[in-house]
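In: predicted structure and sequence below. I'll ask about it afterward.
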Amino acid sequence: MIAINHLEFSYSPSASPVLRGIELDIADRALFGLLGPNGAGKTTLLSILAGLIDCPAGRVFVDGLDLVTPRARQQARLSLVPQEYAFYLPLTVRENLQFFAGVQGVPGSEVDQRVSEAVSLTSLEERLDHRAGKLSGGLKRRLNLAIGLLNRPRLLLLDEPTVGIDPHSRHFILETIRRLGEQGTTVIYTSHYMEEVEELCDRVAIMDHGRILRQGTLAELLAGQSGSLESLFLDLTARGLRD
Ligand SMILES: Nc1ncnc2c1ncn2[C@@H]1O[C@H](COP(=O)(O)OP(=O)(O)OP(=O)(O)O)[C@@H](O)[C@H]1O
């Protein structure tokens, strides 16, 4: 179980808060969708969970373990797949995976096994010796995901993992995430695509301006609503353009 308590965060003392009293409980093995317009604070929240940004105000617990230290985060087996491609374009798929296995502290004797598991989950076998920079957008997204799987995560944080790819690649990535969920991985999934979240996630939170506006199962969120998740989202986030 992940418990996020009272998270507050600003990028600088003079800037407006980006996260304002975030409270979330996420059950083990959940596929949890986090929706919000541009600038709502989703990436900041994931970055804090992954330890990329220090957040002195508030606490995050995974199974009662306070994530404040890197050691606790390692024990929690947490992995973030960022929105941007987080690998080296001149290296091959295999070289990237071997390199990032080392960065993540996978023991040398286990690297081949972990690389082969990640490649198998993302069906990259045929591309192992291709340069990352030459891959299509969909394959680059799969490599980004494969790197995030090298530590066999219990908690996988996915920041818009299907942006900019064709429907086949998107379907493949969604199926992979569903399979990971069935195997026991807890997933926090941010996306702008309502239909993906409706299809994949068992619980959903909608956030804006650093606050959680609603959370619950899809049925709970839509109870008493005449419209879809998208119309609820637009109503809650005030239908304004953000950029
Ligand atoms: N490194 C940074 N320094 C200062 N402000 C930042 C930084 N990163 C993000 N912000 C600001 O924090 C707010 C939340 O941004 P964040 O990227 O977390 O939102 P988001 O919900 O992930 O948006 P998107 O859907 O566009 O990715 C925005 O106002 C953004 O401009």
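Out: Cool, the structure landed.

In: helices or strands next to the helix or strand of the chain with the lowest mean pLDDT in the packing?
Out: Scoring the helices and strands of the chain by mean pLDDT, DSSP states H and E places helix 70-75 at the bottom, with a mean of 78. Based on contacts counted as 3 or more C-beta pairs under 8 Å, 6 or more residues apart in numbering; DSSP states H and E, the elements that helix 70-75 packs against are strand 65-66. For the C-beta atoms, the positions are set from N, CA and C on the backbone; glycine is no exception.

In: what's in contact with the strand it packs on?
Out: Strand 65-66 has contacts (C-beta atoms under 8 Å, 6 or more residues apart in numbering) with 59, 60, 72, 75, 76.

In: how about the strands in the protein?
Out: For the chain, the strands defined by DSSP state E occupy 2-9, 19-26, 31-35, 57-62, 65-66, 78-81, 155-159, 186-190, 203-208, 211-216.

In: within range of the ligand, give me the residues from the protein.
Out: By the rule C-beta under 6 Å from any ligand atom, the part of the chain lying against the ligand is 11, 18, 36, 38, 39, 40, 41, 42, 43, 44.

In: quick one on the thing from earlier: give the buried residues for the least confident helix or strand of the chain.
Out: Residues of helix 70-75 classed as buried by neighbour count (16 or more other C-beta atoms under 10 Å): 72, 73.

In: just flag the most distant two among the residues of the chain next to the ligand.
Out: Of all pairs drawn from the residues of the chain next to the ligand, the widest gap by C-beta to C-beta lies between 11 and 36 and measures 16.9 Å.

In: let me have the contacts of strand 65-66 in JSON lines, extended by distance to residue 140.
Out: Output for the contacts of strand 65-66, formatted as JSON lines (distance: C-beta to C-beta, whole Å):
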{"residue": "59", "distance to residue 140": "35"}
{"residue": "60", "distance to residue 140": "30"}
{"residue": "72", "distance to residue 140": "31"}
{"residue": "75", "distance to residue 140": "31"}
{"residue": "76", "distance to residue 140": "27"}
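
In: out of those, flag the one nearest to residue 26.
Out: Ranking the contacts of strand 65-66 by separation from residue 26, with C-beta to C-beta as the measure, puts residue 60 on top at 10.3 Å.

In: OK, contacts around the closest residue to the closest one other than its chain neighbours?
Out: Spatially, and ignoring its direct neighbours in sequence, residue 60 is nearest to residue 67 (4.4 Å; C-beta to C-beta, 6 or more residues apart in numbering). If you count contacts by C-beta under 8 Å, 6+ apart, residue 67 has them with 49, 51, 59, 60, 61, 73, 76, 78.

In: ditto for residue 64
Out: Residues touching residue 64, when contacts are defined by C-beta under 8 Å, 6+ apart, are absent altogether.
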